[in-house]
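Asker: Here's my sequence, what's the structure:
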Amino acid sequence: MTTPSVSVSVGVDIGGTFTDIVTRDAQGRLRFTKLPTTRGDESAAVLDAIKLMAGEWGIAPASITRFAHGTTVATNAILERKGARIGLITTAGFKDVLEIGRQMRHSMYSIVLEPETPGFLAPGARRKEVRERIGADGSIVTPLIEDDVRNAADALAADGVEAIAICLLFSFANSAHERRARDIVASAHPQLKIAISSEVDPAFREYERTVVTAFDAYVKPVIDRYLARLERGLAASGITAPLQVMQSRGGLMASEIARQRPVRLFLSGPAAGVIGAQQAGRSAGFEDLITIDIGGTSSDIALIARGKALVRQEGLVDGYPVRVPMVDVNSIGAGGGSIAWLDKAGGLRVGPHSAGSEPGPACYGRGGKLATVTDASIVLGYIDPAYFAGGTLKLQPALAREAIEETIAKPLGMSVEEAARGIHRVINAQMAEGIRLVSLRQGIDPRGFALLPLGGGGALHATSLARDLH
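Answerer: Below is the predicted model of the structure:
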């Protein structure tokens, strides 16, 4: 039976493997739990959590006055290439800006050159030009040919796009043509989502502005569907508190704003961790911190100096520049679900591929056959298999041993325990190098900082990392 509290705040973070739920009531009492992230519809795990809060914790939905949410849905859509099919409308002569980029290569001497620009967002056939021209001073040099916009929108809609990015030359100085183009597209094809650069990123540099606008359009239908489902589910559950979403630079914004500008959510989950760590460090008397947020899929590393998290005006998402203010987080593919494997020379590698939540590590008993860091932690006795994720998931040590033995130990001619220690040493070395990236390589001595671990796997690796980094 649920008994309404005076006021309850709820925080929900969706990661690649687990969804975390924390509640705090008016008396300051905390409750928290984990549920496996539901692939395909991440909002389902959140709604399951609401049922758990009501059924097991006695928290009535009507007593929830604040609902804050951090998510990796936008980032995962890019990493997994599961965003929307989009089109791009540009000024005549500029449709290939997205593909040309800055003509600055990071791998000058590779035998096989790979594209370093996100051309996958809108291949050439889905990039359309319209005749118009705004001058650098904002004056109209060539009026917008509206029939060009209609024809471009019709062709893209016929090609099955879900969203259109509009990026016209010098629109940051005068947005009139972009706004008119948006109105024309919306009138002809109201089902399409539209992103215009003068609202997403009203600043000079054509390539960067085109990239961030295209990314905004790419994730907009995904985020819109996800947050709409979540809003409906919260309302159906009886929660009247507004849904607030953590943005990449820290701070919360209303769900309806997040749906309009989803490009601000790329570091939503990791940013929430850094802001929380900042508060925890301050409470403990430490203002200089290095935080490492170790989840199931990745490790997110950040530096907090003099009590303030560093915020940069432009970040990288999957190696591509995204000009959006975000907490300075270095993410590496190293987490509890990272898969251990042997390269062609017989060397032990760990990650960046992850078993995720489905099927998950072998010890989950969901069909996973490959050894992961979590399996190694089970073998080494670092995890209580009967009380994993707050007791919501019972692990199977025998399956962990079997996976490590078959895929790592036998091929290397060592015991299961030795193989498990090797997996931990490799993953810890990768995490330590990630910490060096945000400290030593920026001229900062990490020995003057406190290491603050967070995330489901933080405590499993913190002492080894602190020792390796002195």
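Asker: Tell me the secondary structure at residue 436.
Answerer: Here residue 436 is helix, with the state taken from DSSP: H, G, I helix; E, B strand; the rest coil.
Asker: What is the burial count for it?
Answerer: For residue 436, the neighbour count with other C-beta atoms under 10 Å is 17. Where you see a C-beta, it was placed from the backbone N, CA and C, and this is true even at glycine.
Asker: just the helices in this structure please.
Answerer: With DSSP state H as the criterion, the chain has helices at 43-56, 73-79, 97-100, 146-158, 176-188, 197-200, 206-236, 255-260, 268-284, 373-379, 397-404, 410-412, 416-438, 458-468.
Asker: Deepest in the core, which of those helices is it.
Answerer: Most buried of the helices of the chain by mean neighbour count (mean count of other C-beta atoms under 10 Å) is helix 373-379; its value is a mean of 29.
Asker: My read is that residue 215 contacts residue 121, right?
Answerer: Yes. Between residue 215 and residue 121 there is a contact under C-beta atoms under 8 Å: 6.9 Å.
Asker: Make TSV from the helices of the chain and add mean pLDDT to it.
Answerer: Output for these, formatted as TSV (pLDDT from 0 to 100):
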stretch	mean pLDDT
helix 43-56	87
helix 73-79	84
helix 97-100	94
helix 146-158	98
helix 176-188	98
helix 197-200	97
helix 206-236	95
helix 255-260	95
helix 268-284	91
helix 373-379	97
helix 397-404	97
helix 410-412	97
helix 416-438	95
helix 458-468	94
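Asker: for the stretch 1-150 of the chain, which spans come out with low pLDDT?
Answerer: In the prediction, the stretch 1-150 of the chain carries residues with pLDDT under 70 at positions 1-6.
Asker: where exactly do the strands run in it?
Answerer: According to DSSP state E, counting those that start in this stretch, the stretch 1-150 of the chain carries its strands in the segments 8-14, 18-25, 30-36, 64-71, 86-91, 127-130, 133-134, 140-142.
Asker: buried set for the first one?
Answerer: Taking 16 or more other C-beta atoms under 10 Å as the basis for neighbour counts, the residues of strand 8-14 that come out buried are 8, 10-14.
Asker: Nearest to residue 149 among those residues?
Answerer: Residue 149 has its nearest neighbour among the buried residues of strand 8-14 in residue 14, at 37.4 Å by C-beta to C-beta.
Asker: Contact partners for the closest one?
Answerer: Contact analysis of residue 14 by C-beta atoms under 8 Å, 6 or more residues apart in numbering lists 37, 42, 45-46, 69-73, 269.
Asker: Let's see that with 7 Å instead.
Answerer: Contacts for residue 14 (C-beta atoms under 7 Å, 6 or more residues apart in numbering) come out as 37, 42, 45, 71-73, 269.
Asker: and it, how far is that from residue 278?
Answerer: Distance of residue 14 to residue 278, computed by C-beta to C-beta, to the nearest Å: 21 Å.
Asker: can you give me the strands in the stretch 251-400 of the chain?
Answerer: Ranges of strands in the stretch 251-400 of the chain, per DSSP E, counting those that start in this stretch, are 252-254, 289-294, 299-305, 308-309, 311-312, 315-317, 320-322, 326-327, 329-332, 338-342, 348-354.
Asker: burial of the nearest residue to residue 33 once chain neighbours are set aside, as a residue count?
Answerer: Leaving aside its sequence neighbours, residue 33 sits nearest to residue 390 (C-beta to C-beta, 6 or more residues apart in numbering; 4.9 Å). A count of neighbours around residue 390, defined by other C-beta under 10 Å, yields 13.
Asker: Just send the strands of the stretch 251-400 of the chain back as a markdown table, with mean pLDDT too.
Answerer: What follows is the strands of the stretch 251-400 of the chain, written out as a markdown table (pLDDT from 0 to 100):
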| stretch | mean pLDDT |
| --- | --- |
| strand 252-254 | 94 |
| strand 289-294 | 94 |
| strand 299-305 | 91 |
| strand 308-309 | 88 |
| strand 311-312 | 87 |
| strand 315-317 | 82 |
| strand 320-322 | 88 |
| strand 326-327 | 90 |
| strand 329-332 | 84 |
| strand 338-342 | 96 |
| strand 348-354 | 91 |
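Asker: if we can go back for a sec, out of the contacts of residue 14, which comes closest to residue 89?
Answerer: Nearest to residue 89 among these, with distances taken as C-beta to C-beta, is residue 73, at 26.1 Å.
Asker: I am assuming that closest one contacts residue 225, so please confirm or correct that.
Answerer: No. Taking contacts as C-beta atoms under 7 Å, residue 73 lies outside contact range of residue 225: 9.8 Å.
Asker: how distant is stretch 287-296 from the center of its chain?
Answerer: Distance of stretch 287-296 from its chain centroid, counting by C-alpha atoms, centre = their mean, to the nearest Å, is 16 Å.
Asker: Flag every buried residue along that stretch.
Answerer: For stretch 287-296, by 16+ other C-beta under 10 Å, it's 289-296.
Asker: Can you measure across it, start residue to end residue?
Answerer: One end of stretch 287-296 sits 28 Å from the other (C-alpha to C-alpha, to the nearest Å).
Asker: Ok, stretch 328-335 next?
Answerer: With C-alpha to C-alpha as the measure, stretch 328-335 spans 19 Å from end to end.
Asker: and if you look at stretch 311-323?
Answerer: First residue to last in stretch 311-323 (C-alpha to C-alpha) measures 12 Å.
Asker: cool, stretch 139-152 as well?
Answerer: 24 Å.
Asker: Need the contact partners of that stretch.
Answerer: Contacts for stretch 139-152 (C-beta under 7 Å, 6+ apart): 89, 128, 130-135, 177, 180-181, 184-185, 188.
Asker: Report the two of those residues separated the most.
Answerer: 135 and 188 (27.9 Å).
Asker: Number of residues surrounding the residue lying closest to residue 394 once chain neighbours are set aside?
Answerer: Nearest in space to residue 394, with sequence neighbours left out and distances taken as C-beta to C-beta, 6+ apart, is residue 386 at 6.4 Å. Using other C-beta under 10 Å as the criterion, residue 386 is surrounded by 9 other residues.
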